[in-house]
Structure formats: C-alpha cells, structure tokens
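Asks: sequence and predicted structure below; questions after.
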Amino acid sequence: MSLSEKIHFKMVSFVHETLYSIFVNPYRLLEQTGLKLDHVVLEVGCGPGHYTIPASKIVGENGFIYAIDINPFAIESVNKKISKSGVKNVKALVVSAYDTNLDDQSIDLAFLFGVRHVLDYTKVKNEMCRIMKNEGILAIQKWGLNKKLIALLTENEAFSLIEETKRVLKFKKLSP
C-alpha cells in the first residue's frame with residue numbers, strides 16, 4: 001500500500017468513527033438485513049469495522065462473522081477492534097470479494113454496506129452464489145445503487161429481491 005492509500009484509509013476511518021457514527025446506527029441498519037442469532041455472516045468491504053463488532057454481537061457466540069476487505073489497513077483496524085472488544089466470533093481477512101476462499105454454501109447472510117469500489121459486480125455475484133447457502137440472504141445498502149446491479153443479481157434467477165427497506169435491499173439466493 002502506498003502512502004496516499006494509507007492516508008485515504010485514515011481519512012475514511014476518521015469519517016466513519018466520527019461523523020458517520022452520528023448518523024448511522026449500525027444495529028438499526030443490521031436489523032434491516034435479517035441478521036439473526038447463530039448466523040454465519042460475510043461482511044464484504046468491512047473498512048474500518050463500523051458494522052463488524054455490532055454484527056458479531058447480534059449473531060452471538062455460536063454465530064460467526066467473516067469481515068473481508070482488500071485493504072490491509074482496514075483489516076488491521078478491524079483486528080484492533082476485535083482485540084479491544086474481546087469478541088471471539090470474528091475473523092478479519094485481506095481478500096477480494098471476487099475470491100473469498102470461503103467454503104461453498106457456508107454463509108447464511110452476506111452484507112455489502114458502503115461498498116462503492118467494486119469494479120466487477122458479476123464476479124462478486126458469482127462468488128456470493130458459490131459461498132452462500134440456498135435461501136441465504138444478500139443485503140446491500142441502497143446508497144448509490146442502480147437498476148443495473150439489481151438486474152444483474154436477479155438475472156438467471158440467481159437471487160430474488162425479497163424486501164426493500166428505506167436503506168437496504170434484501171435478496172434471497174435461489175436454489176440452482
């Protein structure tokens with residue numbers, strides 16, 4: 001990572017930890033995803049971890065959170081939060097949403113919040129189809145979404161849009 005990338009991440013973290021936290025309650029937004037006790041969850045693009053610890057508390061000690069980001073500074077930040085909070089049900093990984101290295105059909109729910117830098121949504125869709133259980137939920141924050149993404153997710157009956165709240169779109173993975 002270059003110095004400019006590190007500075008950019010520090011700025012994003014500052015905004016998330018101060019201004020963003022004033023306006024966005026992570027528990028309220030996660031509630032809209034359908035996150036439940038004992039779920040195995042993938043947080044795509046975890047950034048500085050605004051949602052990670054709250055998600056881990058919602059799924060409880062028998063649930064599990066995989067927090068992924070391609071930025072090693074993000075994972076470093078999340079690991080510090082994990083340590084500080086004492087939660088034991090989170091693993092933060094520097095991996096791409098295109099290739100998570102997670103097991104096939106191992107995820108109950110995946111959420112993408114604030115992810116704006118995805119270059120290839122088709123690759124993300126294919127990976128979500130591979131790792132998510134049948135009937136699993138893919139929740140996407142509506143911020144900046146467009147009709148092309150919704151069409152992509154629902155083409156070939158991979159996912160079905162099942163609910164739209166004020167801030168979240170929920171898709172269910174359909175059986176192949």
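Replies: Arrived safely, thanks for sending.
Asks: helix, strand or coil for Ile58?
Replies: For Ile58, the secondary structure call by DSSP: H, G, I helix; E, B strand; the rest coil comes out as helix.
Asks: name the SS class of the closest residue to it other than its chain neighbours, please.
Replies: Nearest-residue entry for Ile58: Leu35, 5.0 Å, with adjacent residues in sequence omitted and distances by C-beta to C-beta, 6 or more residues apart in numbering. Any C-beta I mention is one placed from the backbone N, CA and C, and that applies to glycine too. Secondary structure state of Leu35, per three-state DSSP, is coil.
Asks: check Ile137 too.
Replies: Secondary structure state of Ile137, per three-state DSSP, is strand.
Asks: just Ala151 next, same as before
Replies: With three-state DSSP as the basis, the three-state label of Ala151 is helix.
Asks: swap in Gln105?
Replies: coil.
Asks: what is the neighbour count of Met132?
Replies: 26 (other C-beta atoms under 10 Å).
Asks: Ile82 belongs to a strand?
Replies: No. Counting by three-state DSSP, one finds Ile82 to be helix, located in no strand.
Asks: for this structure, which segments count as helices?
Replies: Counting by DSSP state H, the chain has these helices, from start to end: 3-15, 21-23, 26-31, 52-59, 72-85, 121-131, 147-154.
Asks: most neighbours per residue, which of the ones you listed?
Replies: Each of these was assessed for mean neighbour count using mean count of other C-beta atoms under 10 Å. The highest is helix 52-59, with a mean of 22.
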